[in-house]
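Participant: generate coordinates for the sequence data below:
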Amino acid sequence: MKPLTVIESRTAVLPFENIDTDRIIPARFLTTTERKGLGRHAFNDWRYLEDGRANPDFVLNQPQTEGCEILVAGHNFGCGSSREHAPWALLDFGIKAVISSEIADIFRSNALKNGLLAIVLPEEAHRQLMQRPGEALHIDIQAGTIRTAEGQIIHFELDGFARHCLLNGVDQLGFLLQHRDQIHDYEQKRDIYA
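Facilitator: Numbering: from 1, shown residues only. Next comes the predicted model:
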């Protein structure tokens with residue numbers, strides 16, 4: 001994972017509620033443990049028509065959302081079955097942050113563990129962002145703030161461990177490896193007294 005300190009991007013707004021993990025990446029694409037390449041299947045059944053052509057009506061296929069790294073989605077994003085493939089697909093697609101008024105706990109946990117910033121905002125702040133697709137946002141992970149194009153500051157909560165991992169570009173194993181020397185010292189002392 002790469003360190004993630006600031007995200008500056010326009011928003012793509014997906015105005016649907018209860019977007020489940022099967023909608024984010026359908027189960028038929030869960031046949032791999034490779035993260036690369038899953039982005040082409042993100043929102044597959046919305047993005048593509050039955051004949052395989054891109055669906056021009058789907059927001060993420062439209063020119064104004066090209067290159068957007070921040071997805072603002074409806075209430076209860078990431079519900080449904082637990083699958084790490086969902087945040088992997090979004091990351092591979094180019095999404096670095098998902099913002100909603102509610103994000104399913106398991107999805108949020110999987111997202112943060114894999115370097116995808118998952119932000120839960122109060123209803124009013126979320127509603128404002130939903131109504132302004134394409135808005136340029138500046139997200140500061142250390143400060144826990146989102147700055148809008150008009151200069152409005154929106155604060156968001158992020159637990160300390162998730163913040164540390166995002167800022168340092170490490171997952172849980174990487175975090176433990178950062179403390180390898182202390183763990184080794186502890187184990188040596190423990191062996192002496194065992």
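Participant: what about this protein, any weak spots by pLDDT?
Facilitator: Counting by pLDDT under 70, the chain has low-confidence residues at 172-179, 183-184, 191-194.
Participant: residues in contact with the residue nearest in space to the middle of it?
Facilitator: Geometric centre of the chain, nearest residue: Leu116, 3.2 Å, by Cα atoms, centre = their mean. Under the criterion of Cβ atoms under 8 Å, 6 or more residues apart in numbering, the neighbours of Leu116 are 87, 90-91, 95-98. Where you see a C-beta, it was placed from the backbone N, CA and C, and this is true even at glycine.
Participant: in what helix or strand does the nearest residue to it once chain neighbours are set aside lie?
Facilitator: Of all residues not flanking Leu116 in the chain, Pro87 sits nearest, at 4.4 Å (Cβ to Cβ, 6 or more residues apart in numbering). Per DSSP states H and E, Pro87 falls inside helix 85-93.
Participant: got the contact list for that helix?
Facilitator: With contact meaning Cβ under 8 Å, 6+ apart, helix 85-93 is reached by 21, 24-25, 29-30, 35-42, 60, 71, 78, 98, 107, 110-111, 114-116.
Participant: let's see that with 6 Å instead.
Facilitator: With contacts defined as Cβ atoms under 6 Å, 6 or more residues apart in numbering, helix 85-93 is touched by 21, 24-25, 30, 35, 38-39, 41-42, 110-111, 114, 116.
Participant: other SSEs contacting the longest strand along the chain?
Facilitator: Criterion DSSP state E: the longest strand present in the chain is strand 6-14. Using 3 or more Cβ pairs under 6 Å, 6 or more residues apart in numbering; DSSP states H and E, the elements in contact with strand 6-14 are strand 70-73, strand 136-140.
Participant: and the strands in the protein, which stretches?
Facilitator: Under DSSP E, the chain gives strands at 6-14, 70-73, 97-100, 117-120, 136-140, 145-147, 153-155.
Participant: packed most tightly, which of the helices and strands packed on strand 6-14 would that be?
Facilitator: strand 70-73 (a mean of 25; mean count of other Cβ atoms under 10 Å).
Participant: what's it packed up against?
Facilitator: strand 6-14, strand 97-100.
Participant: stretch 92-108: how far from the chain's middle?
Facilitator: Relative to its chain's centre, stretch 92-108 lies at 4 Å (Cα atoms, centre = their mean, to the nearest Å).
Participant: in that stretch, what counts as buried?
Facilitator: Buried residues in stretch 92-108, counting neighbours by 16 or more other Cβ atoms under 10 Å, are found at 92-104, 106-108.
Participant: ok, stretch 121-135 next?
Facilitator: The neighbour-count check on stretch 121-135 (16+ other Cβ under 10 Å) flags 121, 125-126, 129-130, 132-133, 135 as buried.
Participant: now do it: distance to the chain's middle.
Facilitator: Taking Cα atoms, centre = their mean, one finds the center of stretch 121-135 at 17 Å from the center of the full chain.
Participant: outside of it, which residues touch it?
Facilitator: 10-11, 13, 64, 72, 101, 149, 154.
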